[in-house]
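Novice: Provide a 3D model corresponding to the input given below.
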Amino acid sequence: MATTNGNGKAAANGGEGRNGLPKIHTEKGNNSGGICHDDSAPTVKAQTIDELHSLQKKKSAPTTPLDGTLGAFAVVSDQERHKQQLQSISASLASLTRETGPKVVKGDPANKAETPRITSHVTQQHHHHPHVAPTINVSDSALKFTHVLYNLSPAELYEQAIKYEKGSFITSTGALATLSGAKTGRSPKDKRVVRDEATEDELWWGKGSPNIEMDEHTFMVNRERAVDYLNSLEKVYVNDQFLNWDPENRIKVRIVSARAYHSLFMHNMCIRPTSEELENFGTPDFTIYNAGQFPCNRYTHYMTSSTSIDLNLARREMVILGTQYAGEMKKGLFSVMHYLMPKRQILSLHSGCNMGKNGDVALFFGLSGTGKTTLSTDHNRYLIGDDEHCWSDNGVSNIEGGCYAKCIDLSREKEPDIFNAIKFGTVLENVVFDEHTREVDYSDKSVTENTRAAYPIEFIPNAKLPCVGPHPKNVILLACDAFGVLPPVSKLNLAQTMYHFISGYTALVAGTEDGIKEPQATFSACFGAAFIMLHPTKYAAMLATKMQQQGATGWLVNTGWSGGRYGVGSRIKLAYTRKIIDAIHSGSLLNANYKKTDVFGLEIPTEVEGVPSEILDPVNTWSDKKAYDDTLLKLGGLFKKNFEVFLNHKIGKDNKLTEEILAAGPIF
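Specialist: Take a look at the predicted model:
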């Protein structure tokens, strides 16, 4: 064998190596031939694989600037800040019968070194305790540690999901495919709101309202069940995040959940704090306890199934039992914003929102299937948000930090932005993929038709960051009218805007598989009845005030049928609808000539650039004029019947506004 001399050069001993093979001659350093270059570094100092792993990761350093209020040299030590954070989380997990929460410790229980042997009990009185309950200071959960996985990154959450949650896979584009369990959609009939002295008068209750009541005691029973379940686990995921991009009106939310998938979903859907903001986060304004794997007790008062989603506005808390569908958290927080924001004279809106290069903002309202996502996603405009917004004195702001897109039949050709956003960091719910290649088949409905993707808004190339904009110029109400009698576009006055906003109309084709071709009218107050908390007329009055102050124009755009109802006529071409929307954005449609229609009294333009003039008045496109008149009256009747629910609600001292709105509806 070759021996090495003191200079590190290999000295050949001459002769042959083993088995008569020629001896290998190695030369280290400056090799004259320049052929063999040895770049080996000094050997690693680690003695074991574990030690080697510990060298692999470097600690992320906090980047918080010094807080000026503490004087030039005083700093809250990392230890102190860490302790405060743990105390806050422990207080969140406090039970009704114990003054303190469990002993909480940060980190993954799989890393055994992170569990301290002994630690002082984290004590803190739980804030706002309306009940006086017997205090049991000692319980088994006080003898264990609950590991808190706090604001993990997407990469860390991927690892957790794939390791511990059945049905979690990485797809071919890098997204995390997960399953939401038996429930693959929201359960609106299982959503409850605590009816107490305050909400009794403030909230909309009764016929037509989405708010199903429960009492404070039942809420606490369910809260206790959720908290006990979470405390019984070895680890919980905690997200501290924000809602609303308007810095003056943002809300701090804490989500405590048992699944990595839920944590990643909310990481994408809420606004992600910087490390500085996280370190000074403090006490949240609202907390979600997601114990979705655990059912509620069906023998509890007010419960009608093993699922319950409960909101307590006084305690600023939400409890989820018996459903793992992540959309319940997103929409639960949206309901909360529909309550909190109007108290600050800020209008909360279930709408898409985009902005032109010149700063002109448009709001898009529309129920499922009306084209809200397609029309608000426009390559020539910036996307402020796809679903939830606030309109304040400062302008508009997105409530969320992400998008929640439907994936059924998604294609790169039709919706390239959404298609390309499905990459590393995106959560894909309930999709079907090829076992070997992991390529998703977006047309497969085997698990559910409600397949979804949740991704941060910055995954959309033309997203406007931060997600805020000036006051809207145009308010576009979208309807897919399968009766075929609404014009492709109408300009609305304020009262008409309020009437159609409260109505929230679209008509879908129901039960085609059973051969039923008759369209079904759907009405959803404020285009989001499932999430509003106050009476629809309150949001409508706020919308009218804001539009009046800012000189915004209301438009009703029909993306449905022309030349006859579904089965007779044909759907209005998307290219024509886009031309109409372009004319609204550019302001050219304001200068068109208008005429008034019968029954609905809508102002319709006589011409729009790039759109055949004859389709602008629907009566022209029907060959059977009597059938048109009959269908128009039928739809007018459906509008009137739907509006009856709102007539018995007085706004203000007199009924003037209600009467004004009513007069803007169909007249016949």
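Novice: Could you use CA atoms for every contact and neighbour count after this?
Specialist: Noted.
Novice: Flag every buried residue along stretch 412-420.
Specialist: In terms of neighbour count (16 or more other Cα atoms under 10 Å), stretch 412-420 has its buried residues at Asp417, Ile418, Phe419.
Novice: ok, Gly356 to Asn268 distance?
Specialist: Distance of Gly356 to Asn268, given as Cα to Cα, to the nearest Å: 25 Å.
Novice: Of the two, which one has the most company?
Specialist: Counting neighbours by other Cα atoms under 10 Å for Gly356 and for Asn268 shows that Asn268 has the greater number, 24 against 16.
Novice: Quick check, that one in contact with Ala453.
Specialist: No - applying Cα atoms under 8 Å as the test, Asn268 and Ala453 come out as separate, 10.2 Å apart.
Novice: Quick check: neighbours shared by those two?
Specialist: Overlap between the neighbourhoods of Asn268 and Ala453 consists of Cys403, Thr426, taking contacts as Cα atoms under 8 Å, 6 or more residues apart in numbering.
Novice: Identify the residues contacting whichever helix in the chain runs longest?
Specialist: With secondary structure taken from DSSP state H, the chain has its longest helix at helix 625-647. The contact list for helix 625-647 (Cα under 8 Å, 6+ apart) reads 207-208, 483, 485, 503, 521, 523, 537, 564, 599-600, 619, 622, 658, 665-668.
Novice: Can you tell me which of the residues you listed end up in helices?
Specialist: Ser503, Thr537, Val619, Thr658.
Novice: Flag whichever of those scores worst on pLDDT.
Specialist: Ranked by pLDDT, the ones in helices among the contacts of helix 625-647 bottom out at Thr658, which scores 77.
Novice: Look up how far Lys538 lies from that one.
Specialist: Going from Thr658 to Lys538 by Cα to Cα gives 11 Å.
Novice: which parts of stretch 460-473 are buried?
Specialist: By 16+ other Cα under 10 Å, the buried positions in stretch 460-473 come out as Ile460, Asn462, Ala463, Lys464, Cys467, Val468, Gly469, Pro470, His471, Pro472, Lys473.
Novice: and if you look at stretch 197-210?
Specialist: Neighbour counts using 16+ other Cα under 10 Å place Thr199, Leu203, Trp204, Trp205, Ser209, Pro210 of stretch 197-210 among the buried residues.
Novice: neighbour count winner among Thr658 and Lys538?
Specialist: Neighbour comparison, Thr658 and Lys538: the larger count goes to Thr658, with 21 against 14 (by other Cα under 10 Å).
Novice: Now Lys347: phi and psi?
Specialist: One thing to correct before we go on: residue 347 is Leu, not Lys. With angles defined as degrees, to the nearest 10, Leu347 sits at phi -90, psi 130.
Novice: Give the burial count for it, as a bare number.
Specialist: The tally of other residues near Leu347 (other Cα under 10 Å) stands at 25.
Novice: Over to the one 10 residues further on?
Specialist: Neighbouring residues of Lys357 were enumerated by other Cα under 10 Å; the total is 9.
Novice: Give the helix, strand or coil label for it.
Specialist: Using DSSP: H, G, I helix; E, B strand; the rest coil as the criterion, the local structure at Lys357 reads coil.
Novice: Name all residues that make contact with the closest residue to Ser397 other than its chain neighbours.
Specialist: Excluding its sequence neighbours, the residue lying closest to Ser397 (Cα to Cα, 6 or more residues apart in numbering) is Val468, at 4.2 Å. When contacts are counted by Cα under 8 Å, 6+ apart, Val468 touches Trp245, Asp246, Ile384, Gly395, Val396, Ser397, Asn398.
Novice: cool, Thr522 as well?
Specialist: Contact criterion Cα under 8 Å, 6+ apart gives Gly504, Tyr505, Thr506, Ala507, Leu508 as the residues in contact with Thr522.
Novice: Could I get the pLDDT score of it?
Specialist: The confidence metric pLDDT takes the value 94 at Thr522.
Novice: Compute the first-to-last residue distance for stretch 335-354.
Specialist: With Cα to Cα as the measure, the first residue of stretch 335-354 is 22 Å from its last.
Novice: Could you give me the buried positions within it?
Specialist: Neighbour counts over stretch 335-354 (16+ other Cα under 10 Å) mark 335-342, 346-354 as buried.
Novice: try stretch 270-280
Specialist: Residues Cys270, Ile271, Arg272, Pro273, Leu278, Glu279 are the ones in stretch 270-280 that count as buried (16+ other Cα under 10 Å).
Novice: Give me the residues contacting stretch 205-222.
Specialist: Counting contacts by Cα under 8 Å, 6+ apart, the residues outside stretch 205-222 that touch it are 96, 188-189, 191-196, 203-204, 296, 300-302, 310, 312, 319, 321, 529-533, 645.
Novice: same thing but 6 Å
Specialist: Around stretch 205-222, the neighbours that count as contacts under Cα atoms under 6 Å, 6 or more residues apart in numbering are Arg192, Val193, Val194, Arg195, Ala530.
Novice: go on, stretch 314-324?
Specialist: Under Cα under 6 Å, 6+ apart, the answer for stretch 314-324 is 180, 183, 286-296, 306-311.
Novice: that older thread, the buried residues of stretch 460-473 in helices, which ones?
Specialist: Using DSSP H, none of these sit in helices.
Novice: what about the strands in the stretch 251-400 of the chain?
Specialist: Using DSSP state E, counting those that start in this stretch, the strands found in the stretch 251-400 of the chain span residues 251-257, 286-291, 308-312, 317-321, 347-350, 352-355, 361-365, 382-385, 388-392, 395-398.
Novice: just checking, what packs against the third one?
Specialist: Translated: strand 308-312. With contacts defined as 3 or more Cα pairs under 6 Å, 6 or more residues apart in numbering; DSSP states H and E, the packing partners of strand 308-312 are strand 191-194, strand 317-321.
Novice: After the shortest one, which helix or strand is next?
Specialist: Of the helices and strands lying after strand 191-194 in sequence (DSSP states H and E), the nearest is helix 197-202.
Novice: So for that following helix, mean pLDDT?
Specialist: With pLDDT averaged residue by residue, helix 197-202 scores 94.
Novice: just stretch 448-459 next, same as before
Specialist: This predicted structure assigns stretch 448-459 an average pLDDT of 96.
Novice: Tell me the buried residues in that stretch?
Specialist: Within stretch 448-459, the residues scored as buried using 16+ other Cα under 10 Å are Thr448, Glu449, Thr451, Arg452, Ala453, Ala454, Tyr455, Pro456, Ile457, Glu458, Phe459.
Novice: so what's the nearest residue to the last one once chain neighbours are set aside scoring on pLDDT?
Specialist: Nearest residue to Phe459 in three dimensions, chain neighbours excluded: Ala421, at 5.2 Å (Cα to Cα, 6+ apart). As summarised for this prediction, Ala421 has a pLDDT of 97.
Novice: So what's the residue count around Ala421?
Specialist: Using other Cα under 10 Å, Ala421 has 22 neighbouring residues.
Novice: in terms of contact, does it touch Glu458 like I think?
Specialist: No - using Cα atoms under 6 Å, Ala421 is not in contact with Glu458; the gap is 9.0 Å.
Novice: Touching both of these two, which residues are there?
Specialist: The contact lists of Ala421 and Glu458 share no entry, where a contact means Cα under 6 Å, 6+ apart.
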